[in-house]
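Chemist: this one's structure only:
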């Protein structure tokens with residue numbers, strides 16, 4: 001599966017690299033795994049419900065999530081942050 005990042009996602013990733021290097025490193029590792037096998041168990045990949053229907057989530061670290069949607073054969077990552085940040089309504 002191909003991977004693409006929105007500009008918002010890329011900006012948040014840069015912020016992680018500056019403030020929380022270990023968390024940024026973990027996300028990059030999880031994205032490499034995702035590209036090779038989106039269903040690898042450590043990703044905890046799952047489809048969301050409700051207002052985030054048709055959105056998927058992977059985990060990195062204990063409390064961090066990266067959200068994406070499918071566009072053809074591409075996973076478009078558009079948001080990342082703590083559980084509370086990304087699921088805030």
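Modeler: Sure, I can see it. None of the values given here were measured: they were computed from a predicted structure.

Chemist: how far out from the middle of the chain is stretch 59-71?
Modeler: In terms of C-alpha atoms, centre = their mean, to the nearest Å, the centre of stretch 59-71 is set 3 Å apart from its chain centre.

Chemist: quick one: buried residues of it?
Modeler: 59, 60, 61, 64, 65, 66, 67, 68 (16 or more other C-beta atoms under 10 Å). Every residue, glycine included, has its C-beta placed from N, CA and C.

Chemist: dump the residue contacts of the spatially most central residue of the chain.
Modeler: Centroid-nearest residue in the chain, with C-alpha atoms, centre = their mean: residue 66, separated by 1.9 Å. Counting by C-beta atoms under 8 Å, 6 or more residues apart in numbering, residue 66 makes contact with 9, 27, 30, 31, 57, 58, 60, 77, 79, 80.

Chemist: mind giving me the packing neighbours of the helix ranked longest in the chain?
Modeler: In the chain, with assignment by DSSP state H, the single longest helix is helix 21-36. If you count contacts as 3 or more C-beta pairs under 8 Å, 6 or more residues apart in numbering; DSSP states H and E, helix 21-36 packs onto strand 2-5, helix 7-19, strand 56-60, strand 64-71, strand 74-82.

Chemist: on that earlier part again, can I get the contacts of residue 66 in a markdown table including pLDDT and distance to residue 1?
Modeler: Formatted as a markdown table, the contacts of residue 66 follow (pLDDT from 0 to 100; distance: C-beta to C-beta, whole Å):
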| residue | pLDDT | distance to residue 1 |
| --- | --- | --- |
| 9 | 96 | 16 |
| 27 | 93 | 17 |
| 30 | 95 | 14 |
| 31 | 95 | 11 |
| 57 | 97 | 15 |
| 58 | 97 | 12 |
| 60 | 92 | 17 |
| 77 | 98 | 12 |
| 79 | 96 | 18 |
| 80 | 95 | 18 |
